[in-house]
Structure formats: C-alpha cells, structure tokens
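Visitor: Give me coordinates for this.
(one chain, ligands or ions: 1)
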Amino acid sequence: MTITGEEALRRAAPAAVVARGVTKVYGQGDAAVHALRGVDVGFETGAFTAIMGPSGSGKSTLMHCLAGLDSVTKGEVRIGDVDITRLNDKQLTLLRRDRVGFIFQAFNLLPTLSAEQNIMLPLDISGRQADPELFKVVIRTVGLGDRLKHRPSELSGGQQQRVAVARALISKPQVIFADEPTGNLDSRSGAEVLSFLRTSVRELGQTIVMVTHDPVAASYADRVVFLRDGVLVTELVHPSPQSVLDTLMKLEG
Ligand SMILES: Nc1ncnc2c1ncn2[C@@H]1O[C@H](COP(=O)(O)OP(=O)(O)OP(=O)(O)O)[C@@H](O)[C@H]1O
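Guide: Predicted structure coming up:
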C-alpha cells in the first residue's frame, strides 16, 4: 500500500488541535451569515500548518474558534485532550493563557516595556518562571540577543514581530496561532520571521497554525488546508509558492 505524505504526517504525530463538525453562524434569520459549515480538520503536533482560502472563506473565523477566541455554533474543538467548546469563560481564559500562544499582524507589544519584559510578560502574569535554557534558545533562534533592553519604538517592524514570536514561544504552548504574522512586514523581514517559525517547529517541536493570504508565507508550512465558503475543500503537503497559488486560483476561479 502506498502511503501519501499526508498520511505519513498523520501517522507520525497525534493532533494537537482537532475541529469536528465546526459550524459558525453570525446573526440570525435573514441576516444570518454561515461563516463555517461543518469543518473537520486536525493539526498535527510539531507541525506547521497554514490555513488559506479566498477572502471571506472563513479563515479568521476558524482560527478564532480553534483558539477559543470565539464560540462555535455547533461542533467540537479539542486542544490536546480538552474540548474547549465546553469550557466557561474563566476556564477558557486560563487555557488561552497557559496552553496557547498568539502572534498577530499588529505586533501587540506593550510600548513602555523592553523587548525582554514583553517576551516574559505572559509568564510573569501567570506566575511562571521561564526555563533559562529555553530562553537562551529562543533568543538565539529569533536573533534578538543585542536588542533585549530596547523598547518596541526602538525596534524595526521585523524586530518587533520577532519579539512577539519569542513571547509566543517562551511559554512552550501546546499550539501557537498566528494570524497574518507577516502582513505588516516587508518581504525580507517577513521571510526572517517565517524562518524563525520554521526553526521553532524543527528544533523545539512547536505546533503552529497560521492564517495567511500569502502563497510564499504558506510555503514555509508543512501543510496547507484550504477553505472555500466555510468548508474545507482541499489541502497540500510540502507546498511550494506555485502549488499554493495554483490551488488558490482554482478555488477563486
Ligand atoms: N462578527 C461578524 N459578524 C457577522 N459576520 C461576520 C463576522 N465576522 C466574520 N463575518 C463573516 O463571516 C464570513 C467569514 O469571515 P472571515 O473573516 O472568517 O473570512 P476570511 O477568510 O478570514 O476573510 P479575509 O481573507 O477577507 O480576512 C464573511 O462572510 C464575513 O463577512
């Protein structure tokens, strides 16, 4: 029997995040918008997965539902062994704080804190200590050694996003959700940030799920899943910019 690359990936690693039958309807009656119509998808532990699709296909909605930032109308979302759709607000807040990392398009750093203080903030808030070895590895990985005392305003956009990447990595979350992490960066800084994400998957075994519009960004992932009209329609394993672009053109055509 031939095993496809995708099957091999699935067999090698259990899913860190699983969505089953996820439906999301915004509004009611005539004004109802069916943003997700029964999405089934798994995201492997230690893999980098991109979510793509035409504008309005439901990418951000799916990511928000996976990360517990938005509620589902129907269906189940598991992060590890926890069905997050059954948690109350307080439990969800703790789960996001302790098990999930976020990287957004706007870097979301606190302007009065240094790079190092921004990186440590989530751990400080939850009263946890950083693993000193991991801190060294993360700082080396994202190349911020000589910038740790700088404030965000003294850093370039690419450097600020590297701080946000380090902040997401330092708490060893079960999964990092990245929403257009290179959307505000020039192509060189974007490539650097994507390389750091790739390295964190390879060297730290980090699980990453990223929403992007950019075929080049998506090509850094191990796998790309494609949405259209709120449904998962296809996926690519070991994507190239060209194969992602071709698939998108077919979906939009
Ligand atoms: N809060 C909301 N209230 C009502 N409709 C919404 C809301 N958020 C999203 N939608 C609708 O749900 C659908 C999916 O939106 P979503 O933002 O998830 O798509 P997307 O693929 O991320 O789009 P884009 O690529 O343009 O960012 C769209 O039709 C959108 O208008």
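Visitor: okay, CA-based contacts and neighbour counts for the rest of this
Guide: Will do.
Visitor: what about the residue most central in space within the chain, which helix or strand?
Guide: Closest to where the C-alpha atoms of the chain average out (Cα atoms, centre = their mean) is Phe177, at 2.3 Å. In this structure, Phe177 sits in strand 175-179 according to DSSP states H and E.
Visitor: So which bits of the helix or strand just after that strand are buried?
Guide: Downstream of strand 175-179, the first helix or strand assigned by DSSP H and E is helix 187-204. The neighbour-count check on helix 187-204 (16 or more other Cα atoms under 10 Å) flags Ser189, Gly190, Ala191, Glu192, Val193, Leu194, Ser195, Phe196, Leu197, Arg198, Ser200, Val201 as buried.
Visitor: Give me the contact list for helix 187-204.
Guide: By Cα atoms under 8 Å, 6 or more residues apart in numbering, the residues outside helix 187-204 that reach it are 46-48, 141-142, 157-158, 161-162, 165, 169, 182-183, 206-208, 217, 220-221.
Visitor: residues touching Pro122, list them.
Guide: When contacts are counted by Cα under 8 Å, 6+ apart, Pro122 touches Arg97, Arg167, Ser171.
Visitor: Then Met210?
Guide: Counting by Cα under 8 Å, 6+ apart, Met210 makes contact with Phe48, Thr49, Ala50, Ile51, Phe177, Ala178, Asp179, Glu180, Pro181.
Visitor: between those, which is closest to Leu232?
Guide: Relative to Leu232, the closest of the contacts of Met210 is Ile51; by Cα to Cα it sits at 9.6 Å.
Visitor: Please, which helix or strand holds the closest one?
Guide: Going by DSSP H and E, Ile51 is part of strand 48-52.
Visitor: which neighbours does that strand have in its sheet, and in what orientation?
Guide: Here strand 48-52 has these sheet partners by DSSP bridges: strand 208-211 (parallel), strand 223-228 (parallel).
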